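> Provided below for reference: sequence and predicted model.
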Amino acid sequence: MNVASPTGLPRLLAGLRGDRDPEPLRSHVDRYGPVDTFRGQDLLRLLESSGLTGRGGAGFPTGSKLRTVAATRQRAVVLANGAEADPTSGKDRALLRSVPHLVLDGAVLAADALGAKEVFVAVGERALRERSALDRALTERAHNGTDAGTAIRVVPVPTGFVTGEETAVVQFVNGGPPKPTFTPPRPFERGIGGAPTLVLNVETFAHVALIARFGSDWFRDLGTSREPGSKLATITGAVRRPGVHELALGTALAQVIEAAGGLTGPVSAFLVGGYFGTWLRPETVLDLRFLDDDLSPLGASLGACALVALPASTCALGEVSRVARYLSRESAGQCGPCVNGLGAIADGLERLAAGLDDDRAHLARWVDVVRGRGACKHPDGATQFVSSALDVFADEVRTHLRYGRCRAETAGVLPVPRADG
């Protein structure tokens, strides 16, 4: 079956259906064509040529990651990580519930290239629609003999901000608690069942499935030479069409906002990269492109590819303090600076939001103490969120300290799961 290469966008979301059901296997194959099995080195070279990087936040080159696992010369395991834990992000769930066959195609391709016989797909235990879509997709594939020789298992991962971190998922699959582990060894050295384990975000695997069909040059038709392709972004807050959007890398961020229907009103700042991300002033954001190359000089990155437009009508400090308290509560509880420091930071922010105490120096000290001190990136991400907020919202801090709690109520624009789940 010959299928013409898709042009423009959407790519990953081309199979999105208006109803609630995922795209069936037959429709998926009609749209994209069958996928061939590659010799290991062929797929590695293709991915390296494409310039595809991980879509989970770290942005590591995908071809290099496969090559590192292949270099162990042991029977590997593949883990597709869709345990999306950041409350500002919904892109992975959108893929799993709508086009699960793209994710599964990519994971099986990688498994074949590495000689792996087992594929695990991690998904949040409360993501019921996504788990149902995966179960339906696996039933279809089993009926058609699509993945002969590859055992695929869906793993529901407990809810929690750190439970989606790759070492936490690996430890959970191995029968342990879903908490990040001290490294080394990294999963590519010793992961599930002690085997070298390739861990990629589910969006990354979906791109692998398309690159395998249409080639690296096709993938590079979008984006820039340094950051090729498209990415899924979750855009929320003060926009008219909040949700998941597929965007070409290099798109002006002003156009990214327009893709979400434009702003509903004035905004005080944008949060770029989710709860491990960075606050930026509106006038700064709208002059940038949807690229890490543009964001990195500002100490920011696309990260989880979540963008929140914070409306000026809500109390910015109230929003930040709510999230800081949530992040302190979501610590894995394994490292003292994180457990004690994030709680102290949340306390200080709550006092600032209430206009009670000038805790800025105290907060700065705690940020310095906590940053870089942990088994995982949780303290680094949380302190980046807080320190950038104190910079961007400096005027609001001074107003709170002078006049007390501001008249604007905290509207709860930034999503925070309840403590009882």
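Structure received.

> so A110, which of the three states?
At A110 the chain is in helix, as set by DSSP: H, G, I helix; E, B strand; the rest coil.

> residue contacts, the residue lying closest to it once chain neighbours are set aside?
Distance criterion Cβ to Cβ, 6 or more residues apart in numbering; nearest residue to A110, sequence neighbours excluded, is V78 at 5.4 Å. C-betas here are computed from N, CA, C, even on glycine. Taking Cβ atoms under 8 Å, 6 or more residues apart in numbering as the contact definition, V78 lies against 107, 110-111, 114, 116, 118-120, 197-198, 200.

> again, 6 Å this time
Contacts here follow Cβ atoms under 6 Å, 6 or more residues apart in numbering; on that basis V78 touches 107, 110-111, 116, 119, 198.

> of the residues you listed - the most surrounded one?
When these are compared by neighbour count (other Cβ atoms under 10 Å), A110 ends up highest, at 30 neighbours.

> ok, now how distant is it from G40?
Plainly put, A110 is 10 Å away from G40 if you go by Cβ to Cβ, to the nearest Å.

> so the residue sitting nearest the centre point of the chain: helix, strand or coil?
By Cα atoms, centre = their mean, the chain has its centre lying nearest to A304, at 3.4 Å. Put simply, A304 is coil when judged by three-state DSSP.

> same question for P177.
coil.

> which helix or strand contains the nearest residue to it once chain neighbours are set aside?
Beyond its immediate neighbours in the sequence, the residue positioned closest to P177 (Cβ to Cβ, 6+ apart) is Q171, lying 6.7 Å away. Assignment of secondary structure by DSSP states H and E places Q171 within helix 166-173.

> which other residues reach whatever helix or strand comes next after that helix?
Of the helices and strands lying after helix 166-173 in sequence (DSSP H and E), the nearest is strand 197-201. The contact list for strand 197-201, computed with Cβ under 6 Å, 6+ apart, reads 54-56, 69, 77-79, 81, 166, 187, 191.

> now stretch 232-252
Contacts of stretch 232-252 from elsewhere in the structure, counted by Cβ under 6 Å, 6+ apart, are 9-10, 12-13, 89-91, 94, 203, 222-224, 227, 230, 256, 259-265, 267, 289-291, 305-311, 413.

> ok, now which ones touch F60?
The neighbourhood of F60, defined by Cβ under 6 Å, 6+ apart, consists of G54.

> quick check: P178 vs I192, distance?
Here the criterion is Cβ to Cβ. By it, P178 lies 13 Å from I192.

> the strands in the stretch 1-150 of the chain, which residues?
77-82, 118-124 (DSSP state E, counting those that start in this stretch).

> which of those strands is buried the deepest?
The densest packing among those, expressed as mean neighbour count by mean count of other Cβ atoms under 10 Å, is seen in strand 77-82 with a mean of 28.

> can you tell me which residues contact E319?
Taking Cβ under 6 Å, 6+ apart, we find E319 in contact with 410, 413-414.

> quick one: mean pLDDT over the helix or strand hosting it.
E319 is located in helix 316-329, with elements delineated by DSSP H and E. Across helix 316-329, pLDDT averages out at 96.

> same thing with stretch 101-119?
The model assigns stretch 101-119 a mean pLDDT of 96.

> next one: it to chain centre, how far?
20 Å (Cα atoms, centre = their mean, to the nearest Å).

> can I get the CA coordinates of that stretch in PDB?
Once non-C-alpha atoms are left out, stretch 101-119 reads as follows in PDB (Å, rounded to 0.1, in the frame of the first residue of the first chain):
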ATOM      1  CA  HIS A 101      -1.600   2.900  17.200                       C
ATOM      2  CA  LEU A 102       1.000   5.600  16.400                       C
ATOM      3  CA  VAL A 103       2.500   5.200  19.900                       C
ATOM      4  CA  LEU A 104       2.400   1.400  19.700                       C
ATOM      5  CA  ASP A 105       3.900   1.400  16.100                       C
ATOM      6  CA  GLY A 106       6.900   3.400  17.300                       C
ATOM      7  CA  ALA A 107       7.500   1.300  20.400                       C
ATOM      8  CA  VAL A 108       7.400  -1.900  18.500                       C
ATOM      9  CA  LEU A 109       9.700  -0.500  15.800                       C
ATOM     10  CA  ALA A 110      12.200   0.400  18.500                       C
ATOM     11  CA  ALA A 111      11.800  -3.000  20.100                       C
ATOM     12  CA  ASP A 112      12.500  -4.700  16.800                       C
ATOM     13  CA  ALA A 113      15.600  -2.600  16.200                       C
ATOM     14  CA  LEU A 114      17.000  -3.400  19.600                       C
ATOM     15  CA  GLY A 115      16.000  -7.100  19.600                       C
ATOM     16  CA  ALA A 116      13.700  -6.500  22.500                       C
ATOM     17  CA  LYS A 117      10.700  -8.800  23.100                       C
ATOM     18  CA  GLU A 118       8.900  -6.800  25.700                       C
ATOM     19  CA  VAL A 119       7.300  -3.400  25.500                       C
END
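
> and the spatially closest residue to D36 that is not a sequence neighbour, its phi and psi?
Closest residue to D36 in three dimensions, ignoring its sequence neighbours and counting by Cβ to Cβ, 6+ apart: A212, at 7.2 Å. Phi and psi for A212, reported as degrees, to the nearest 10, are phi -60, psi -30.

> make 237 the starting number, not 1.
In the new numbering, first residue 237, that becomes A448.
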